[in-house]
Structure formats: structure tokens, C-alpha cells
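Peer 1: I'd like to go over a predicted model; first the sequence, then the structure.
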2 protein chains.
Amino acid sequence: MINIALVDDHNLFRTSLAAWLNNNEKLHVALECENGKELQLFLPKHQIDVVLLDIQMPEMDGIETCEWLTRTHPGIKILIVSFLKDVDIIYQMMQRGAHGYFSKESAPEELANAILSLDYTSFFFNHSIRHIIQEAKKWKPTKKEVSTAPATSHDQLFTQRETEILKWVSQGLKSAEIGDKMNIDVRTVETHRRNIIEKTPAKNMIGAVLWAFKEGWIDLEG
Amino acid sequence: MINIALVDDHNLFRTSLAAWLNNNEKLHVALECENGKELQLFLPKHQIDVVLLDIQMPEMDGIETCEWLTRTHPGIKILIVSFLKDVDIIYQMMQRGAHGYFSKESAPEELANAILSLDYTSFFFNHSIRHIIQEAKKWKPTKKEVSTAPATSHDQLFTQRETEILKWVSQGLKSAEIGDKMNIDVRTVETHRRNIIEKTPAKNMIGAVLWAFKEGWIDLEG
DNA sequence: TTTCATCTGCGCAAAAACACGGAGACCACA
DNA sequence: TGTGGTCTCCGTGTTTTTGCGCAGATGAAA
């Protein structure tokens, strides 16, 4: 019997998936959480073997949660369950210690097999993911890549300040308005914007924001 | 016994939700589809009472599907099931003939009740949605609102041309580049951009694109 | 036919974003 | 101590976007 923790902010999805998984006699959903913070809170009270982790969540997202899990609970296996099918983000999750990546577009029958086949030496790929990885290998990076990105203490692409600015920009604020919000000079904001664009394959802020969202680096609020 | 059709492009979500609903003796999921196109194809072969409809889907999204359903199958009740909680989009779906709006963040127990309580005279609101409606009534529209937007033959917010331009803009192209792509003058593109911003509550293109995405008017490619 | 929305193009001016280079302060880490 | 990354600010200049007004062509609908 494998004990599972579900971490996903969509209650409807989470609960129905839990019901489905519990139908399998080898699986047991022992814990349901809405985000990483909740997992941190309740994980000590349960004996968990596998964590099914969504990427985009409020409070504490999949990236952070995955890092924390790997650091504090190396014995727990992590399976990312997301609708994102981007190569970069899969690599990112691999680097953060995830043991598999499962697309939400796939069938639940596959998921049970995925959970049962997880191990520490290999990385599980969804069938619908696998061919994407294949194609990705043909590409040649033209700009700064995730793997060569400045490695901060937490291996993030954007710095704290840049992430803040991305948030305001995505809400439609202008540089001057952001400067007011953050109590810094307009020119500082502009410098940050330049650096943000530099870190993405985009050529302007619109492309950069949407890229960052699609790659899972930021969430859209409101 | 209520016969249900599930329309959602996330296989995992759809199948597990179907399993959950089938546990209820009063409910029966008779049809599962990935998008509106599939629904159009398979609906005639089934006797469906209620359609659970996601908004953001490829091929044929919830907006289109809802319109089509209301027009061709007025006897079928439509319950929107989405993670979006925006007031405008809820009103839009009401106008298109939906009978209820359910947030994916809510509990599945609520969903069964929602389905059973659907009727033709009222509009079902999720508990987590209801307070949003309340707050929305306090607001005063400052700009052009969806309800007063130019009503085209298909009651869309953006025109065909504007949608095209939104697509290119969201991929980071500049006005000049878009003009080349579409073989129109830069100034024409700029006119369209102005009109797009006018139709949204945003003050610049970044805000407009992200608003349009969050409201389900456009999809992000790539 | 008239009306209306759409698509198209133009001119002008201000605002904002973007590009490039430089630099001091701070902090963590080796 | 030195290195490197981050955050901050500055100057200069170009490019792009945005705001506002105007207007003809087209096509669909009343």
C-alpha cells in the first residue's frame, strides 16, 4: 500500500482524483493540501511515500515545495502533476529532485501505473511528455538557458526584486507606478525590466511576462 | 437519474470527476468530451440532461460551445465548471444561456448538489462565487464594459482582426512586425491595439493581453 | 436605402519603453 | 581579502507605444 499526498489548489480536481486513486487497492491518499504551506504543516503527521504536486499554486508553488521536499524529506518520491508540457520546466523540476512528470491531459489509469513505477534512479515521463523531450533535444539554445542561468542560493531564474516587478507589470502597471509601489526610482525599475527581458527569449516585456507565466516562473493574480 | 456530459480538455480531471459523479446514484456520466467539437459530434447519440462545461479548451472553447448548445439544444442545462472566478465572464456565460457557474476550487460534494438543483428559471452560483458577485455590484464601471460592448453577430468582445493582433502581440511581436505579418500598415495595427485596450479595463497592452487571457478570450500558444 | 460595425490608413504629439554603458553599496561566500 | 551577485541610481539616446482626431471603403443588416 502506497501512501499518497495530493497537493493541488483546485479542490474539485483534488478530491475527485483522490477518490479515483483510492479505488486502487494498492494506493491510499492519506493527505490532501491546497499548497506547499499546508503540506509543510501537515506532512509530519502522516507517513507519506509519494507526493503528487501541482506546479501553479498560490501561497507556495510547486517549485518551492519541490525544493523543500527534496531538502527535508529525501525519502519521499515526488511526482509533478501539471497541465504544463514545457521542456524547460520539466528539466527544472528534475533539477529540483522530482522523480516524475505527469501531464494532466493523460488518463488516470496511467497515473496509477506512474505512481507504482516511481523509483529513485530514473525519472518517470508521461507518454504525452516523452515525445516533447525528444523534440527538445533537437533544439539549440540561442539565449541564456535555465541550466546556465545565474545560480542563486535557490536556483531561481528571477531574483526577488525581479519577481516583484514581474507581478506588477503583469497587472498592467507602468514603470513609474511600480517605482512608487516599491519606493524605488523609475530608472531602477527600468533596469530590472531590462534584466528580466534579458533572461527570457523574448524581445519585449509582453513576450517576457507571457513566457515567464507559461514556464511557471510566475502566477497571474486577480 | 440525471445523464451528464463532461466537456473538459484535461483528461485526468475529467475522468476522475466522472468516476466521482458516478458514485452518486442519482447521477450518471454518459459522455466525456475534450472540447466543444467532440460534443457536437457525439451529443446526438446520447440522451443528455446536463452538460458540465469548461471554459478554456482548444478547438472549440466554452464560450462557443455554450452558444451552440443554447441555440441547438435548449432543453439541456449547462453548468460552467471553471477555475476562473471573474465576474465579467460569469455574466457573459449567463448571457449565453448557461444555467450555473461552479468554481473548480470548490468541493465535489457541492457539485452534486449544484447539478441536482439546476433549473431553468434561476442561475446557480457557487458559494465561493456568490460573494464575488456581491462585491462586484459595489463597483462602478469606468470604461467600456462587456455588457455594453459592441454586439457582433457572435457576441464576441474582440473582432477577428483584433483577435489576430492579440495573438501576435502575446508572442512578443512589435506593431511593425505584426504589420508585416498581416500585410497591413503599422498605423492600422496601432489603431487596433488602441481599440483592444479600450475594450479592456487595462491601461496598456500588457494588462490587456493578460486580462483577455484570464477572461478566456484568447489562448496562449507555444 | 440607410445605418452600423469593421477594417483600413493618415497626422501629430506626448508618454513610455527599450538599449547601452557606468558605478557605488551591500552582502554572502570562499 | 577578494569575488560575485544583487540592488540601487545615473546619463544619453532611440524606438515604440499610446492618445486623440479624422476619414474613406466595405459589407452586412435593418
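Peer 2: Noted; the coordinates are in hand. Numbers count the residues shown, from 1 in each chain, chains lettered A, B, ... in the order given.

Peer 1: residues from chain A in reach of DNA strand D?
Peer 2: A:150, A:152, A:159-162, A:182, A:184-185, A:187-188, A:191-192, A:204 (CB under 7 Å from any atom of the strand). Any C-beta I mention is one placed from the backbone N, CA and C, and that applies to glycine too.

Peer 1: Now which of those residues would you call buried?
Peer 2: Neighbour counting with 16 or more other CB atoms under 10 Å in any protein chain shown marks A:R161, A:E162, A:H192, A:N204 as buried within the residues of chain A next to DNA strand D.

Peer 1: Pick the one among those residues closest to A:P58.
Peer 2: Nearest to A:P58 among those: A:E162, at 19.7 Å, using CB to CB.

Peer 1: so what are the domain limits for chain A?
Peer 2: Domain assignment for chain A by automatic domain parsing gives A:2-136, A:146-214.

Peer 1: Include secondary structure and distance to A:R14 when you put the buried ones among the residues of chain A next to DNA strand D into CSV, please.
Peer 2: Shown next, in CSV, are those (DSSP: H, G, I helix; E, B strand; the rest coil; distance: CB to CB, whole Å):
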residue, secondary structure, distance to A:R14
A:R161, helix, 33
A:E162, helix, 31
A:H192, helix, 36
A:N204, coil, 37
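
Peer 1: could you pull out the helices for chain A?
Peer 2: Remark: helices assigned in chain A by DSSP state H are A:11-22, A:36-42, A:62-72, A:87-95, A:108-117, A:127-136, A:160-170, A:175-182, A:186-199, A:205-214.

Peer 1: re earlier: farthest pair within the residues of chain A next to DNA strand D?
Peer 2: Spatially, the most separated pair among the residues of chain A next to DNA strand D is A:T152 and A:N204, at 24.9 Å (CB to CB).

Peer 1: if we can go back for a sec, any chance of the residues of chain A next to DNA strand D in JSON lines, with pLDDT and distance to A:N11 too?
Peer 2: What follows is those, written out as JSON lines (pLDDT from 0 to 100; distance: CB to CB, whole Å):
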{"residue": "A:P150", "pLDDT": "32", "distance to A:N11": "37"}
{"residue": "A:T152", "pLDDT": "30", "distance to A:N11": "33"}
{"residue": "A:T159", "pLDDT": "84", "distance to A:N11": "33"}
{"residue": "A:Q160", "pLDDT": "84", "distance to A:N11": "30"}
{"residue": "A:R161", "pLDDT": "88", "distance to A:N11": "33"}
{"residue": "A:E162", "pLDDT": "90", "distance to A:N11": "32"}
{"residue": "A:M182", "pLDDT": "87", "distance to A:N11": "34"}
{"residue": "A:I184", "pLDDT": "90", "distance to A:N11": "38"}
{"residue": "A:D185", "pLDDT": "91", "distance to A:N11": "43"}
{"residue": "A:R187", "pLDDT": "91", "distance to A:N11": "44"}
{"residue": "A:T188", "pLDDT": "93", "distance to A:N11": "40"}
{"residue": "A:T191", "pLDDT": "91", "distance to A:N11": "41"}
{"residue": "A:H192", "pLDDT": "92", "distance to A:N11": "36"}
{"residue": "A:N204", "pLDDT": "90", "distance to A:N11": "37"}
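
Peer 1: of these, closest to chain B?
Peer 2: Checking the residues of chain A next to DNA strand D against chain B with CB to the nearest CB, the nearest one is A:N204 at 5.6 Å.

Peer 1: quick one: low-confidence ranges for chain A?
Peer 2: For chain A, the stretches flagged by pLDDT under 70 are A:84-92, A:94-95, A:117-156, A:221-222.
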